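> Pasting the sequence and the predicted coordinates here, then a few questions.
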Amino acid sequence: MTYSEGDGGVSGQSLMFAATPLNMRNHRLQWLFRALFGLMTLILVVPVGIIFGVLLVRGGPAISFEFLFSYPSDGMTAGGIWPALVGTMWLVAVSLIASVPVGVAAAIYLSEYAPDNWLTRGINLAIINLAGVPSIVHALFGVGAFVIFAGFGTSILAASLTLAVMTLPLVIVATRESLQAVPMAFREACWNMGATRWQTIRTVVLPNAISGILTGVILSVSRTAGETAPIMFTGAAFFFPFLPSSVFDQTMAMAMHLFVISTAVPGAPDELKYGTALTLITLVLLMNAASIWFRSYLRGKKKW
Amino acid sequence: MVATDVKLAVRDLDIQYGGQRALSGVSLDVHEHEIFGIIGPAGSGKTSFLRTLNRMEMLHENMTVNGSIVFDGHDISEIQNVYALRRHIGVVFPLPVGLPLSIYDNVALAPRLSGIKEKSDLDEIVEQCLMRAALWDEVKDRLDALGSLLSGGQQQRLTIARALSQDPELLLLDEFSIAVDPVTTMRIEDVLKELKEEITIILVTNLVQQARRLADRTAFFLDGQLIEVGETEALFRGEAKDHRTLDYLEGRFG
């Protein structure tokens, strides 16, 4: 006889296996909690499905080669999103170039080198707090630090650095967690062989932490592409119908463009807004999917 | 015993973990080309003792060590290049550590770290070390497979092969046979008996009989104290000076 978890498995045979009232109660509870958790999962999935469904139905028809690769026209009430798409890619790329090396290096220091003292603990606390700072505060910091003080003006560079500061905690925390998931015994084995800390990190720790580090990078890419506030005052233009030629140019960006046509352009057709939103979300999902695929590819190669 | 025969001289060794004493006042000599057994119940300071020998205490923040350890005539606390010291001392842990590298790379790692690059040299070291660790026949056709996916007993032999790949003068074995089946244990024990012609071995073990089979001399640790050191056979013949050693050897406690 097979025991199935759902039915309580209490249909009596001999007395030895008969269900006691306690058994019955446990089985009822078990069923109740299973249903409850399942329901919560459903509640979680439904809005995601609805959002994506609505975007597909209402924005889908707007998506065309024309829409993706042409400039906005008629005061942004027609045309495409090409400069915003390219701008977002610039912002993501430049901010990754800034945040990934700094974040990964800092995480390696904190996890592998730093002594466990009040200073290290303080720094860790500060990093976690940095992750909780509202993005508009990052935006104002970016204006002060990069646009004005560093003299970058409103530019891709200033906006990307602001985004980088905002996503640094994500990269650091994810990297640190994945470094610490590498068993201590691996490090000790290397040290015992006379390896320096750096040799140990290079040969054993990093190769096994890389998939976790990538997860952090994925998260930061999604946030970078989707944030509006930090770039609004630092480098994203309301309307800038050219492709940027260097990091000192202003640029349009998907998230900003969506915000602008939704709130500041009377008469922009809904189709345009839904199309832009759909493109943005698809872009993020594609990047995530690519990184997840790459991550599982790496994970397949390394196992312990 | 002539002075030159002493491979390792330990004097008044104290080990503390943040004020908690793990070992105190240990003095002993380990001779060249012997297997030196260390027995004692859990928490008696055996592993802490091994850790200090290659200065791993540097990597444990609250661990402090006092006393002197002289290895091959050098006080190890004065050695600047601890990496070189560690290369001379191979360590095998209780639980196997197959690094998530290929079997070949596991064994070639230490030689590579010390600067050997020539493929033919590495091939030779890998084959020789795997052979000595009684693993070669089982893995010679799949040296590219991941070391961390071998069975527990194979991983332990891989760990031993890796320790040998450093070409150590002193080999520290910390309860190496915990995760290994009896047959493999016997094979490794045979290897150790051969190895002692070339190197010195310190064997920490919970198996009193293993100490009897292998060790020339044996030290008994209890609660952070060295109770006594003696010829293994003499100890087992009941000639231990301390009654606690006798009790332990005869299984009356611990």
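On my side now, so go ahead.
> show me the contacts for the residue of the stretch 51-200 of chain A found nearest chain B.
Residue nearest to chain B within the stretch 51-200 of chain A: A:Gly194 (3.7 Å; C-beta to the nearest C-beta). C-beta coordinates here come from the backbone N, C-alpha and C atoms, glycine included. Going by C-beta atoms under 8 Å, 6 or more residues apart in numbering or on different chains, A:Gly194 touches B:Tyr83, B:Ala84, B:Leu85, B:Arg86, B:Arg87, B:Ala110, B:Leu113, B:Ser114, B:Gln166.
> Which of the three states applies to the closest residue to the last one other than its chain neighbours?
In space, B:Gln166 comes closest to B:Ala110 once its chain neighbours are excluded; the distance is 4.4 Å by C-beta to C-beta, 6 or more residues apart in numbering or on different chains. When states are read from DSSP: H, G, I helix; E, B strand; the rest coil, the local structure at B:Ala110 comes out as helix.
> Just the pLDDT for B:Ala110.
With respect to pLDDT, B:Ala110 scores 89.
> My read is that it contacts B:Pro168, right?
No. Using C-beta atoms under 8 Å, B:Ala110 makes no contact with B:Pro168, being 9.2 Å away.
> and the two? which has more neighbours close in?
B:Ala110 (27 against 24; other C-beta atoms under 10 Å in any protein chain shown).
> residues shared between the contacts of B:Ala110 and B:Pro168?
B:Arg87.
> Contact residues of chain B facing chain A?
Counting by C-beta under 8 Å from any C-beta of the partner chain, the residues of chain B close to chain A are B:54, B:56, B:59, B:61, B:83-87, B:89-91, B:93, B:95, B:97-101, B:109-110, B:113-114, B:146, B:148-149, B:159, B:162, B:166.
> Low-confidence bits of chain B, can you list those?
B:1-4, B:254 (pLDDT under 70).
> where does the stretch 201-304 of chain A dip in pLDDT?
A:301-304.
> Quick one: the helices in it, in order.
Ranges of helices in the stretch 201-304 of chain A, per DSSP state H, counting those that start in this stretch, are A:206-226, A:229-232, A:254-263, A:270-301.
> can you check chain B too?
B:46-53, B:82-88, B:103-113, B:119-132, B:136-139, B:152-165, B:182-195, B:208-214, B:232-234, B:243-249 (DSSP state H).
> List of residues touching the third one?
Looking back up the chat, that one is helix B:103-113. Contacts of helix B:103-113 (C-beta under 8 Å, 6+ apart): A:190, A:193-195, A:199, A:203, B:87, B:98-99, B:101, B:121-122, B:125-126, B:129-130, B:139, B:142-147, B:150, B:158, B:161-162, B:165-166.
> I only care about the residues you listed that end up buried; give me the PyMOL line for that.
Buried residues among the contacts of helix B:103-113 (16 or more other C-beta atoms under 10 Å in any protein chain shown), as a PyMOL selection:
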select buried, (chain A and resi 190+193+194+195+199+203) or (chain B and resi 87+98+99+101+122+125+126+129+130+139+143+146+147+150+158+161+162+165+166)
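> Which residues does stretch B:223-234 contact?
Under C-beta under 8 Å, 6+ apart, the answer for stretch B:223-234 is B:15, B:21-28, B:37, B:43-45, B:211-212, B:215-221, B:239-242, B:244-245.
> which of the helices of the stretch 201-304 of chain A sits most buried?
Greatest average neighbour count among the helices of the stretch 201-304 of chain A goes to helix A:229-232 (a mean of 26), per mean count of other C-beta atoms under 10 Å in any protein chain shown.
> Mind giving me the packing neighbours of it?
Helix A:229-232 sits against helix A:135-142, helix A:156-180, helix A:254-263, with contacts defined as 3 or more C-beta pairs under 8 Å, 6 or more residues apart in numbering or on different chains; DSSP states H and E.
> residues in contact with B:Ala133?
B:Arg157, B:Leu158, B:Ile160, B:Ala161, B:Leu164, B:Ile188, B:Val191.
> tell me which of these is nearest to A:Ser291?
B:Leu158 (33.2 Å; C-beta to C-beta).
> can you tell me how far that closest one sits from B:Asp5?
Taking C-beta to C-beta, to the nearest Å as the measure, B:Leu158 falls 32 Å from B:Asp5.
> What of B:Asp181?
36 Å.
> what do you get for A:Tyr297?
The value you get for A:Tyr297 to B:Asp5, if C-beta to C-beta is used, is 56 Å.
> For the closest residue to chain A within the stretch 151-254 of chain B, which residues are in contact?
Nearest residue of the stretch 151-254 of chain B to chain A: B:Gln166, at 5.9 Å (C-beta to the nearest C-beta). By C-beta under 8 Å, 6+ apart, the residues touching B:Gln166 are A:Met193, A:Gly194, B:Arg87, B:His88, B:Ile89, B:Gly90, B:Ala110, B:Pro111, B:Ser114.
> what residues does the stretch 101-250 of chain A put near chain B?
So far as C-beta under 8 Å from any C-beta goes, the stretch 101-250 of chain A lies against chain B at A:115-116, A:185-186, A:188-196, A:199, A:203-204, A:207-208.
> and the closest residue to B:Ser27 other than its chain neighbours, how far is that from A:Pro115?
The shortest distance from B:Ser27 to any non-neighbouring residue, by C-beta to C-beta, 6+ apart, is to B:Arg11 (4.9 Å). According to C-beta to C-beta, B:Arg11 and A:Pro115 sit 30 Å apart.
> Show me which of those two is the more surrounded one.
Taking other C-beta under 10 Å, B:Arg11 and A:Pro115 do not tie; B:Arg11 has more neighbours (13 against 7).
> Tell me which residues touch the most centrally placed residue in chain B, please.
Among the residues of chain B, the one closest to the centroid is B:Leu172, at 1.3 Å (C-alpha atoms, centre = their mean). Residues in contact with B:Leu172 (C-beta under 8 Å, 6+ apart) are B:Leu50, B:Leu53, B:Asn54, B:Ile89, B:Gly90, B:Val91, B:Val92, B:Ile201, B:Ile202, B:Val204.
> What is the nearest of those residues to chain A?
Chain A has its nearest neighbour among the contacts of B:Leu172 in B:Val91, at 4.2 Å by C-beta to the nearest C-beta.
> wait, isn't the closest one in contact with B:Leu85?
No. Counting by C-beta under 8 Å, B:Val91 does not reach B:Leu85; the two are 11.9 Å apart.
> Looking at these two, which has the bigger crowd around it?
Remark: of B:Val91 and B:Leu85, B:Val91 carries more neighbours, 26 against 18, as counted by other C-beta under 10 Å.
> what's the closest non-adjacent residue to the more buried one?
Nearest one to B:Val91, counting by C-beta to C-beta, 6+ apart, is A:Asn192 at 4.2 Å.
> Surely the one you found touches B:Arg87?
No. Look at A:Asn192 against B:Arg87 with C-beta under 8 Å: they stay out of range, at 9.5 Å.
> Against B:Leu13, how distant is B:Asn66?
7 Å.
> neighbour count winner among those two?
B:Leu13 (22 against 12).
> List the contacts of the more buried one.
Contacts of B:Leu13 (C-beta under 8 Å, 6+ apart): B:Leu23, B:Gly25, B:Val26, B:Ser27, B:Phe49, B:Thr52, B:Val65, B:Asn66, B:Gly67, B:Ser68, B:Ile69.
> would you turn the helices of chain B into CSV with distance to A:Ile213?
CSV is the format used below for these (distance: least, C-beta to C-beta, whole Å):
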stretch, distance to A:Ile213
helix B:46-53, 31
helix B:82-88, 27
helix B:103-113, 21
helix B:119-132, 30
helix B:136-139, 31
helix B:152-165, 26
helix B:182-195, 37
helix B:208-214, 43
helix B:232-234, 51
helix B:243-249, 49
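> Return the most buried member of these.
helix B:152-165 (a mean of 25).
> Tell me the helices and strands packed up against it.
Applying 3+ C-beta pairs under 8 Å, 6+ apart, we find helix B:152-165 packed against strand B:89-92, helix B:103-113, helix B:119-132, helix B:182-195.
> Could I have the CA atoms of that helix written out in PDB?
Extracted C-alpha coordinates of helix B:152-165, given in PDB (Å, rounded to 0.1, in the frame of the first residue of the first chain):
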ATOM      1  CA  GLY B 152      34.500   9.400   0.900                       C
ATOM      2  CA  GLY B 153      37.300   6.800   1.200                       C
ATOM      3  CA  GLN B 154      38.700   7.800  -2.200                       C
ATOM      4  CA  GLN B 155      38.600  11.500  -1.300                       C
ATOM      5  CA  GLN B 156      40.600  10.700   1.800                       C
ATOM      6  CA  ARG B 157      43.200   8.900  -0.200                       C
ATOM      7  CA  LEU B 158      43.200  11.900  -2.600                       C
ATOM      8  CA  THR B 159      43.800  14.200   0.400                       C
ATOM      9  CA  ILE B 160      46.700  12.000   1.400                       C
ATOM     10  CA  ALA B 161      48.100  12.100  -2.200                       C
ATOM     11  CA  ARG B 162      47.700  15.900  -2.100                       C
ATOM     12  CA  ALA B 163      49.700  16.100   1.200                       C
ATOM     13  CA  LEU B 164      52.400  13.900  -0.300                       C
ATOM     14  CA  SER B 165      52.500  16.100  -3.400                       C
END
